[in-house]
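Enquirer: when you get a sec, could you give me coordinates for this:
(one chain, ligands or ions: 1)
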Amino acid sequence: MKRTNTFIKDCFIIEPRVFKDERGYFFESFNQNQFNDIADQDISFVQDNESSSRKNVIRGLHFQEGIHAQAKLVRVVKGSIRDIVVDLREHSTTYKQYFSIELSETNAKQLFVPRGFAHGFIALEPHTIINYKCDNFYHKDSERGIIYNDKDLNIDWGISDEDIILSDKDKALPTLSTYLNEK
Ligand SMILES: Cc1cn([C@H]2C[C@H](O)[C@@H](COP(=O)(O)OP(=O)(O)O[C@H]3O[C@@H](C)C(=O)[C@@H](O)[C@H]3O)O2)c(=O)[nH]c1=O
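Expert: Now for the predicted structure:
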């Protein structure tokens, strides 16, 4: 398992060792000991989520607030995504900056998203399946979000607006400044 840091502190990429043979492949998609070693902290994941998305679906940008905040370890089982994380940690040197990476079944990369980040992604292929571990349980009342096309964040999703597929819930999300003002 290899760790590569991103420009955002505490947010890093891991790549498992993939064994390929005539049957196909094998890899450890998660190993608690190795992960804690590589993360240099003890993270206890308590919930695994899986979602399937059509091409051009955007889910996000989502997070849970306060004591229900979640760190996430994101990977793609099938297809590919552009994964986006936004640093919402007020005292961070990269506060309000975003990091973007392509995760796919082919590159097998996983992104560790610390607590205090908004997270979202766009599915780049039909029937794209992602799976992510969370270190805190789902708590509906603590769910928050920022609109995907927030002007200040100015995220490059790589697609024009009219092609995007979004849930009604995500269409109604506030801008970052509205969220911060009403917090
Ligand atoms: C996130 C979540 C949703 N649900 C339910 C609520 C709802 O009825 C249904 C679909 O939920 P959503 O529309 O919020 O699913 P989705 O838009 O896929 O939400 C997810 O987006 C990505 C980007 C994240 O980072 C996640 O933390 C999560 O917010 O599933 C749970 O039961 N448990 C959960 O942990």
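Enquirer: any low-confidence regions in this protein?
Expert: In the predicted model of the chain, no residue satisfies pLDDT under 70.
Enquirer: bridge partners for the residue nearest the centre of it, pull those for me.
Expert: Closest to where the C-alpha atoms of the chain average out (CA atoms, centre = their mean) is His119, at 4.6 Å. The partner list for His119 in beta bridges (DSSP bridges) reads His62, Val85.
Enquirer: any idea how far it lies from Ile58?
Expert: 12 Å (CB to CB, to the nearest Å). The way it works is simple: take the backbone N, C-alpha and C, and place the C-beta from them, glycine included.
Enquirer: okay, strands next: where are they in the chain?
Expert: 2-5, 12-15, 19-21, 24-26, 47-53, 58-64, 72-78, 80-87, 98-104, 110-113, 117-123, 128-134, 143-145 (DSSP state E).
Enquirer: strands paired with the last one, and their directions?
Expert: When sheet partners are counted by DSSP bridges, strand 143-145 sits next to strand 58-64 (antiparallel).
Enquirer: the partner strand to strand 117-123, inter-axis angle?
Expert: Calculated by axes from the mean of the first three to the mean of the last three CA atoms, to 10 degrees, strand 58-64 forms an angle of 160 degrees with strand 117-123.
Enquirer: returning to that earlier point: surely the residue nearest to the centre of the chain is in contact with Phe63?
Expert: Yes: in this structure, His119 is within contact of Phe63 by CB atoms under 8 Å, at 6.5 Å.
Enquirer: quick one, phi psi at the residue in the chain sticking out farthest from the centre?
Expert: What lies farthest from the middle of the chain is Glu22; by CA atoms, centre = their mean that is 32.2 Å. Here is the backbone geometry of Glu22 (degrees, to the nearest 10): phi -70, psi -20.
Enquirer: against the ligand, how distant is it?
Expert: Distance of Glu22 to the ligand, computed by CB to the nearest ligand atom, to the nearest Å: 36 Å.
Enquirer: would you reformat the strands of the chain as a markdown table and include distance to Gln34?
Expert: Output for the strands of the chain, formatted as a markdown table (distance: least, CB to CB, whole Å):
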| stretch | distance to Gln34 |
| --- | --- |
| strand 2-5 | 10 |
| strand 12-15 | 9 |
| strand 19-21 | 15 |
| strand 24-26 | 15 |
| strand 47-53 | 17 |
| strand 58-64 | 26 |
| strand 72-78 | 12 |
| strand 80-87 | 21 |
| strand 98-104 | 19 |
| strand 110-113 | 12 |
| strand 117-123 | 23 |
| strand 128-134 | 14 |
| strand 143-145 | 31 |
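Enquirer: up against the ligand, what does this structure have?
Expert: 49, 51, 59-60, 62, 119-121, 138, 167, 169 (CB under 6 Å from any ligand atom).
Enquirer: which of those ranks first by neighbour count?
Expert: Greatest neighbour count in those, by other CB atoms under 10 Å, goes to Phe121: 30 neighbours.
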